[in-house]
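Peer 1: Show me the folded form of this:
(2 chains)
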Amino acid sequence: MADALERCLETHPRIKRARVRASTGSIILETRPELSPEALTGAVRIALEEIAAGKTSPVPPKSTRPNGNAAGDKNADRPVWHAMPAAEVARRLRTDPLLGLNATEAADRLLRCGPNCMPAEERRSQLALLAEQFKSLPVGMLTASAVVSLATGGVADAIATMAVVGLNAVFGYVTEGQAESAIHALIDTSSQTVRILRDGAETVVKGADLVPGDILLVRPGTLIPADARLTEAIRLSVDESALTGETLPVEKHPGLTAEPSAPLGARPSMLHAGTIVAAGNGMAIVVATGRETTTARITLLSRSTERPRAPVEAELDRLGTRLVQASLVACGLFFSIGVLRGYAFSTMLKDALALSVASVPEGLPVVATTTMALGLRQMERKGVLIRHIDAIESLGAIQTICLDKTGTLTQNRMKVVAAVAGLSEVALDDGKRLKVLAEAAALNNDGELDGGEATGSSSTEHALLKFALDCGIHVSELREARKRKATMERRPGQPWMTTLHRGGAPAALVKGAPEAVLAQCDTISLPRGVVPLDNGMRDRIRQLNGKLAAKPARIIAFASRNREAGDGETGGFTWLGLVAMADPLRNGAKEFVAQAQAAGIDTVIITGDQAATAGALARDLDLARGKPVKIVDSTELADLDPALLAALARRAHVFARVSPHQKLAIVQALQAAGRTVAMTGDGLNDGPALRAANVGIAMGASGTDLARDIANVVIRDDQLTTLINAIAQGRSVYKNIRRALKFLIATNMSEIAVSMVEALHGPGEIETPMELLWINLATDVLPGLGLALAAPEEDVMRQQPRSPKEGIIPKPDLLRMGGDSAIIAASALIAHFAGVNRHGPGPQTRGMTFLSLSLGQLLYTLVCQRNDPRKLHPERIFENKPLDLAILISSGFVVLPFFVPPLGRLLGIAPLRSRDAALSIATAIIPFASVLARRGIQFKPEEIEVPK
Amino acid sequence: MRDFVTTSESVTIGHPDKLCDQISDAVIDAYLAEGIRSGVVAECAIATGVVFLSVRAMEDPPVDLGDLARSIVADAGYPPVGANSGPTVLVELSAGLKSTEEIIGGKVARHMTTAFGYACGDDAAMPFPVAAAHRLSRAIDTARRDGRLGWLSPDAQAQVAVGFHNRRPSDLKAIALTFGSNGAPLPFADAFAALKTEVISPAFLGLSLSPGRETRIVIRPLSVFGGPEAHSGLTGRKTADDAYGSFVRRGGAALSGKDPARADRIAAYAARHAARQVITAGLAGECEVQLSYLIGDEKPISVEIDSFGSGMIADSAISARLREKIDFSIGGIAERMQLWELPRLHGGRFYRELASYGHMGREDLDAPWEDTAIAAALA
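Peer 2: Below is the predicted model:
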């Protein structure tokens, strides 16, 4: 349907490109100019009718109903808030748009409707978690083998197998339960606060306590906590990209009601949970909270209440399933060949059973989940808050990190460093000559005075207010005399703020980007009076601006006008001057850039500053490492051809003059260029970019609540070193999982190989299923976990980031694993054949094989600590204490059956004579020694892959 | 003597190549206006509406390069796409390079360089075809700016073909104007008439030749607006227009975007200056001066003159007099023409002005290489 509509619309002569998003019901059209909105809607309507009439597509007309009403027909009786006038909404919800609910009514409603939480935050019940443990394919195979054992008379085997299944499930339940609670503790957003009206007064409450009927107050940067119907709005626009994918902010008007069937993107009177206010202010009646919100309903459609899983976990699940499938096929093949060869049916069934047990990688899921959870804890101790489980892994995969200059690289403490009054630079202590400028800075300012000190608001406002105070302006008196009548905030495409004042001239003051303010001026205030602004003066101003900007500093221009004017009106201003502010770099910023670059991570700085400022900054940080600094200076990045932007973004060191809403475009462009992108941010407008980035990073101490709510990584202490540590940790979590995985697969493969060879060599030689199960339990889970706990490699931040295309086990590693498992199997088979030679097939021989194989695997764990054997240091091989402990305990499990006869009988092995045991132990050392021996041999993986 | 026809062209300030030249030279102006001798090389390219600006210097630019580029594009008459915007600028900045006396001093040639200069007895001592072409493109810009031809886009090109008899311009063979339109194109006949009265007639006012009945006049309206969105531009691609058209030999090096430490730029000015003195001194009717420098040398290894048979004395004698009277050393040229100071003396913009309508024959700019004060010493 969406495709058909796109095709149909693109046949329109004036429409260049059409994008129809079925999920949101939005249509994005790129048109040639001179096409009125009416003509556009007309074109869309005609296209829809054509499709409905079957002219372009056989889709039945019924589906032409826009499907923005995402929850579908189940909720058909839900009130259609967006189609109702505000008064009707207020009446239905029994609330007063000007007073709000009273506290008792709110408490009552909170009880009835439940807290305002997203469904993802609801926890799985403990029982569900336990039940989950039994649902996996390995458990299915083990259960099947228990059934077969039962059928063939092996009651004890069946019981033992089921006991293992139970144990495994409990173990999984405990570890995953712990991991889950750790993860849930992280994604708890109920601490977010919102401003509402209660009992007629503005109150701040927790987002979770919001109820239908509450009157929500929104301002730029508010993360809308629930669905709400607007009652008032002043130039309100909302970024709905999270919901609709529409990147430009959408304007909102309380007076407009939409058709009941209007899609999400076309409901101008509604605010939707999860979207962000881009500009303007407004009031709205909360109409739906928690799982009743549109966002929650869409989420419910696409996702169950399971906790979000990290990609590596999903990858492991797939891998595990594939392994089981492959071994099932192998077992089937093995069984058929044996039966065809005329071996006894029951023997073959038993052998096949043993093989299938050998192949189940019991430790796989537990190891990954636990590694993640432990990584989360470790990071939290170091001051890094991970808010989404997948972020931990993505942290390690970062290829490009976009650093928001303000707040990330700088201390976010602006200070005025220079001022230009009229056409000349004036010393900052010359209060007399700076009077006009300082007065403008005091009046056109959102900063507050607290006991004569500047406070609150943004750092820019703060610095400007302090500048006015330092110039000797009596700010409170001045503000009293020149009361502010109106404010036009700066907003996308209009980089200035205008204030209108009572009490004489100047009636209007404007503050903003120098070039934009200068364009509105036609006169200039000089010591000799106000004179017309000629081109020479403009050039001089630009020169001064350039000089100041190169300091580097952020430059703000001021201008005034004696008569008032509306918001849209520009021009007729008198140029007052420039104020330059600087924001000192944080300690460690330079080191951070150097470390990130050493780790193969591109660092890109995003700043609202001018190119000159950005260039100086880039050199201070040695961003280009001695090469030319590449600065993209654009005011309209979002308008660039995406392919071109992607090409530019890949090469740039600095994006200058970026307004916050363009950060999203930069992140997307880098992603389009194939990079895994991290983005740091702290500001109100960083939300969309933080969300779009693979890893959104917020600075915890100085950032805004919004940035913290949206980012999936929060650096609590604001230290850039902490961020580097977090990246290192992310990398080693992935590497550790990879190591554990390689170990588990290599050892499982060795077990399969041993069983296959034995079964093919002669009947009765194969190990018993119980024995193999014991080996798996003793040598898989604990050592796997031990491997996963390895400390980061010392050179982890000197390696290149992994390619996103690379699978969890790269091909050269797969070959190495194959080799290793062949050696483990061969060593165990030496013990086996020696045993067959001495004792013939039976418990003695099985005992020898058992000891050799299980000890061989345990020792092999030690050399799995590095992916590349060349990086193993024999003298430091026991450094990983948890691993040593795991190996010790597991060794205990291995020898246990030899000393506990009933257990030995269950496993089908007999105690060994000392020379047999010595042989087994000797063979067990072979795999370990062979890897260590290979350490000294220089080879390249490519040479292994392509033998000449 | 043989008769021949030669052509020359000129483009308006909104042509992408010329935008690049102007941006490059504006960077030079910015450095020199602040008195920074920094061995600046500024190269610029424009493609799909994006400006790529590469600046190499020992010190940081004293201006915001992004703004500078945008202001030039805006001055050329390109309306911003949206409110308060302009093209995206990709700045590649290699500042803070190790400074050496060799580079800043501008005393010796750092490359082998051959530069040509020419002068003749025509208006402004320039070859007629290129002078006429520049006058046409300037007339187009003027008419567009003051609204007489407001429908023109800032991107246009003027070409002339001139017949020569005995190396003197004898008749105007053809004129071609290519231009984009701002909005819907004018009917052809209207455009033709308007260009004839507002551009061609004023351009040839006071020149020795003017379009007659035999002159072929071609106007080529493009279907597009033109400019940097439509086609790409590059610094130094209009070297013929910058000098003498296709009338004489040329060294080929770009002039724009190099500060006076670069021999290839200032040698071209010195060669023109010398040629013009020869004409003013009455030593020849026309004169081509060739200056060749070897790497690491201060003075030219050769000062070669060709008067195309118009000399009053032997070409070798003219050459000897030039060597004797004029200081052709790299540092000397910059010194006597005040090349480092010109932007400051001209209110911050000098080289940028040269980047449109040619570097030579610019009497309107008081270019020091057009000054004929020392001609008397040659005579």
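Peer 1: Now do the spatially most central residue of chain A, the pLDDT please.
Peer 2: In chain A, the centroid-proximal residue (C-alpha atoms, centre = their mean) is A:Val695; its distance is 4.0 Å. pLDDT, A:Val695: 87.
Peer 1: Excluding residues flanking it in the chain, which one is nearest it?
Peer 2: Sequence neighbours aside, A:Ala678 is the residue nearest to A:Val695 in space, at 4.0 Å (criterion: C-beta to C-beta, 6 or more residues apart in numbering or on different chains). Quick note: C-beta positions are derived from backbone N, CA and C, even for glycine.
Peer 1: helices or strands up against the strand or helix carrying that neighbour?
Peer 2: Using DSSP states H and E, A:Ala678 falls within strand A:677-681. Applying 3 or more C-beta pairs under 8 Å, 6 or more residues apart in numbering or on different chains; DSSP states H and E, one finds that strand A:677-681 contacts strand A:400-404, helix A:663-672, helix A:687-692, strand A:695-699.
Peer 1: Out of the ones you listed, which is the most enclosed?
Peer 2: Most buried of these, by mean neighbour count (mean count of other C-beta atoms under 10 Å in any protein chain shown): strand A:695-699, with a mean of 29.
Peer 1: just how off-centre is it within its chain?
Peer 2: Relative to its chain's centre, strand A:695-699 lies at 8 Å (C-alpha atoms, centre = their mean, to the nearest Å).
Peer 1: How about stretch A:286-299?
Peer 2: Relative to the centre of its chain, stretch A:286-299 is centred 22 Å away, using C-alpha atoms, centre = their mean.
Peer 1: swap in stretch A:318-337?
Peer 2: With C-alpha atoms, centre = their mean, you get 36 Å for stretch A:318-337.
Peer 1: Repeat that for stretch B:231-243.
Peer 2: The answer for stretch B:231-243 is 9 Å, by C-alpha atoms, centre = their mean.
Peer 1: ends of that stretch, how far apart?
Peer 2: Its first and final residues considered, stretch B:231-243 spans 23 Å by C-alpha to C-alpha, to the nearest Å.
Peer 1: Tell me which of the helices and strands packed on strand A:677-681 sits nearest to B:Ala184.
Peer 2: Counting by C-beta to C-beta, B:Ala184 lies closest to helix A:663-672 out of those; the figure is 32.7 Å.
Peer 1: how about the strands in the stretch 201-350 of chain A?
Peer 2: A:201-206, A:215-218, A:227-239, A:250-252, A:270-271, A:276-288 (DSSP state E, counting those that start in this stretch).
Peer 1: just the stretch 51-200 of chain A next, same as before
Peer 2: Using DSSP E, counting those that start in this stretch, the strands of the stretch 51-200 of chain A run over A:193-198.
Peer 1: shaky segments in it?
Peer 2: A:51-77, A:118-125, A:129, A:133, A:135-138, A:175-176, A:178-192 (pLDDT under 70).
Peer 1: go on, chain B?
Peer 2: The model of chain B has pLDDT under 70 over residues B:1, B:80-85, B:96-104.
Peer 1: can you rerun that using 50?
Peer 2: Of all residues in chain B, those with pLDDT under 50 make up the ranges B:80-84.
Peer 1: chain center to the helix of greatest length in chain A: distance?
Peer 2: Ordering each helix of chain A by length in residues (DSSP state H) puts helix A:720-761 first. Offset of helix A:720-761 from its chain centre (C-alpha atoms, centre = their mean): 25 Å.
Peer 1: what does stretch A:403-411 give?
Peer 2: Worked out by C-alpha atoms, centre = their mean, stretch A:403-411 lies 20 Å from the chain centre.
Peer 1: What average pLDDT does it get?
Peer 2: Averaged across stretch A:403-411, pLDDT comes to 78.
Peer 1: residues in contact with that stretch?
Peer 2: Contacts to stretch A:403-411, defined as C-beta atoms under 8 Å, 6 or more residues apart in numbering or on different chains, come from residues A:412, A:459, A:583-586, A:589, A:603-609, A:614, A:617, A:621, A:663, A:679-683, A:686, A:699, A:702-703, A:720.
Peer 1: Which of these fall within strands?
Peer 2: A:Thr603, A:Val604, A:Ile605, A:Ile606, A:Met679, A:Thr680, A:Gly681, A:Met699 (DSSP state E).
Peer 1: tell me the two of the residues you listed that are most distant?
Peer 2: Taking C-beta to C-beta, no two of the ones in strands among the contacts of stretch A:403-411 sit farther apart than A:Val604 and A:Met699, at 17.0 Å.
Peer 1: Write out the residues of the stretch 1-150 of chain B neighbouring chain A.
Peer 2: B:30, B:33-34, B:48, B:50, B:54, B:56, B:60-68, B:71, B:81-96 (C-beta under 8 Å from any C-beta of the partner chain).
Peer 1: Return the per-residue confidence for A:Pro882.
Peer 2: 83.
Peer 1: Next, the buried residues of the strand or helix carrying it.
Peer 2: Element membership for A:Pro882 (DSSP H and E) is helix A:881-899. Neighbour-count burial for helix A:881-899, counted by 16 or more other C-beta atoms under 10 Å in any protein chain shown, picks out A:Pro882, A:Leu883, A:Ala886, A:Ile887, A:Ser890, A:Ser891, A:Phe893, A:Val894, A:Pro897, A:Phe898.
Peer 1: Against A:Gln857, how distant is the third one?
Peer 2: What that stands for is A:Ala886. Counting by C-beta to C-beta, to the nearest Å, the gap from A:Ala886 to A:Gln857 is 12 Å.
Peer 1: where do the contact lists of the two overlap?
Peer 2: Common neighbours of A:Ala886 and A:Gln857 (C-beta under 8 Å, 6+ apart) are A:Pro783.
Peer 1: Now for A:Leu210, how many residues are close by?
Peer 2: Residues lying near A:Leu210 (other C-beta atoms under 10 Å in any protein chain shown) number 26.
Peer 1: Pull the contacting residues for the closest residue to it other than its chain neighbours.
Peer 2: In this structure, A:Leu210 finds its nearest non-sequential neighbour in A:Asn116, 4.3 Å apart by C-beta to C-beta, 6+ apart. Counting by C-beta under 8 Å, 6+ apart, A:Asn116 touches A:Gly207, A:Ala208, A:Asp209, A:Leu210, A:Val211, A:Pro225, A:Ala226, A:Thr289, A:Gly290.
Peer 1: how close does A:Asn116 get to chain B?
Peer 2: Remark: distance between A:Asn116 and chain B (C-beta to the nearest C-beta, to the nearest Å) = 39 Å.
Peer 1: Does A:Gln597 touch A:Thr603 like I think?
Peer 2: Yes. Counting by C-beta atoms under 8 Å, A:Thr603 is a contact partner of A:Gln597 at 6.4 Å.
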